[in-house]
Every structure is written in C-alpha cells, then in structure tokens.
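*Asks:* sequence first, then the predicted structure, then my questions.
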Amino acid sequence: MTEQQPEQTPENTGKGILGDLLDLAESVLCSVFLVFLVFTFLFRIATVEGASMLPTLTSGDRLIISEIGYTPARGDVVIINARRGYQLDANLNLVETEGLNKLIVKRIIAMGGQKVDIDFDTGTVTVDDQVLYEPYISTPTTRDEGGMQFPVVVPEGYVFVLGDNRGISKDSRHPSVGFVPESDIMGKVLLRVFPFDEFGTIH
C-alpha cells in the first residue's frame, strides 16, 4: 500500500505562486543592484555630443568607459573633465586658463616628457621626432588654435590630446584645453554600445 500524497488545495497553490513571485522579485532586485554597483564603481556610460571625433565617434554614440586602475597611454580615446586648461608662459611655467567647463572626448597623442610638433602647412604631427601614422583622422592637422608654440615638451603628469576631426576639434591646440592633467581624465573609452549596429571596441 503506497502512502497517498496530500491533495494540493487552492490555498497551497496560492502560496506557491506567491513564493515564486517573491523569488523572482528578489532576483530582479539583486540583478539591478549588481548592475548599479558595476556602473557606479567600475564602468560609466557617456554620450558623445558633436563631431570633433569623426570618423571614430559620431554624435549620439553611447560609450562605456573604465577608470578603475586605468593608466593613461598614447593612442587611448579618453573622457576628460575640461574644467580648466594649462599652458606654458614665456618662462615655460604652467599657467591655468579658463576651461571649457564640460566633458570632452579626445585621443591621447603624447605623454609627459614627450616632445610634440605640428607642421600646420603639411598637417603632420610628430612625437619625439617621429611622424605619427594617423589613419583615424578625418582631416589633416592644419588649423592652429594659437594655444601654444610648437615644438613643445609635455609637462610630467599631463597629456597632449587631439580630436580625430582636426578641422573643428577644440583640443590641446586650444587655450581652453592645453595640457590635460592626468587627474582630469575620467577614464578610457572601451566600447560603443549604441547604435547597436556599431557595437564594438574603440581604437
């Protein structure tokens, strides 16, 4: 004789559904909290405004950036808090200038201690006397913003940045940007997540 299983009553069924809903709600809340922690402490999302990084980035692109453990490196596309600019005076002392007071996205061209020169006639950029190969730019570097005299040595702890669309970009050539303190770099651009058909890493 087999032991008969208790019949499932409407009351028991209700408790089962309620339990499942509570479990689902708990899972959703945990997932949301985890995503919140990741995007608060590990990654951030930024949206591109303007055309200064064409053809690499387009206005409206949404990017994931990382700042944890990031060390700036030449060639990186980064988000900068351009709250201030820095230039060299006649005595080669750093002086602070009024910044753009907004976040900007640019490419690191040279690090502290490196010499940068720009030939505005030919549009070529050299770092430590080596002409850069720049397949990522949309226009040659022929516009002088008057922010500094070239050649120039980047101060230690600072970087020299340019936009990929050199014809319109406000970057280290401009007095409101100049040399960028490494501490003002908010992180490296890792991925473009929108538009979806352009999803991928940024080089």
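*Replies:* Yep, that arrived. Residues are numbered from 1 along each chain as shown.
*Asks:* my guess is residue 170 meets residue 100, correct?
*Replies:* Yes. Using Cβ atoms under 8 Å, residue 170 is in contact with residue 100, at 6.6 Å. No exception for glycine: its C-beta is placed from N, CA and C like everyone else's.
*Asks:* neighbour count winner among those two?
*Replies:* residue 170 (19 against 16; other Cβ atoms under 10 Å).
*Asks:* which residue sits closest to that one, ignoring its sequence neighbours?
*Replies:* Leaving aside its sequence neighbours, residue 170 sits nearest to residue 177 (Cβ to Cβ, 6 or more residues apart in numbering; 6.0 Å).
*Asks:* parallel or antiparallel, which strands does whichever strand or helix holds residue 104 pair with?
*Replies:* Assigned by DSSP states H and E, residue 104 belongs to strand 103-111. Each strand that pairs with strand 103-111, with its direction, by DSSP bridges: strand 77-81 (antiparallel), strand 158-162 (antiparallel).
*Asks:* can you name the next helix or strand after the last one?
*Replies:* Going down the chain from strand 158-162, the next helix or strand is strand 180-181, by DSSP H and E.
*Asks:* for stretch 153-169, buried residues please.
*Replies:* Neighbour counts using 16 or more other Cβ atoms under 10 Å place 154-155, 158-166, 169 of stretch 153-169 among the buried residues.
*Asks:* in the chain, which spans are helices?
*Replies:* Here the chain has its helices, by DSSP state H, at 10-37.
*Asks:* pass me the low-pLDDT residue ranges in it, would you?
*Replies:* 1-15, 19-20, 22-42 (pLDDT under 70).
*Asks:* what's around residue 72, how many residues?
*Replies:* Neighbour count for residue 72, taken as other Cβ under 10 Å: 17.
*Asks:* do the same with residue 53
*Replies:* So residue 53, with other Cβ under 10 Å, has 26 neighbours.
*Asks:* quick check: it vs residue 104, distance?
*Replies:* 9 Å (Cβ to Cβ, to the nearest Å).
*Asks:* so for residue 109, which of the strands paired with strand 103-111 sits nearest?
*Replies:* strand 158-162 (5.1 Å; Cβ to Cβ).
*Asks:* now what about that closest one, what contacts it?
*Replies:* With Cβ atoms under 8 Å, 6 or more residues apart in numbering as the test, strand 158-162 has contacts from 72, 78, 80, 86, 106-112, 114, 116, 125, 141, 152, 154, 169, 171-173, 177, 179-182, 185.
*Asks:* re earlier: which two in the buried residues of stretch 153-169 are spaced the farthest apart?
*Replies:* The widest separation within those (Cβ to Cβ) is 26.0 Å, between 155 and 165.
*Asks:* out of the contacts of strand 158-162, which are buried?
*Replies:* 72, 78, 80, 86, 106-112, 116, 125, 141, 152, 154, 169, 171-173, 177, 179-182, 185.
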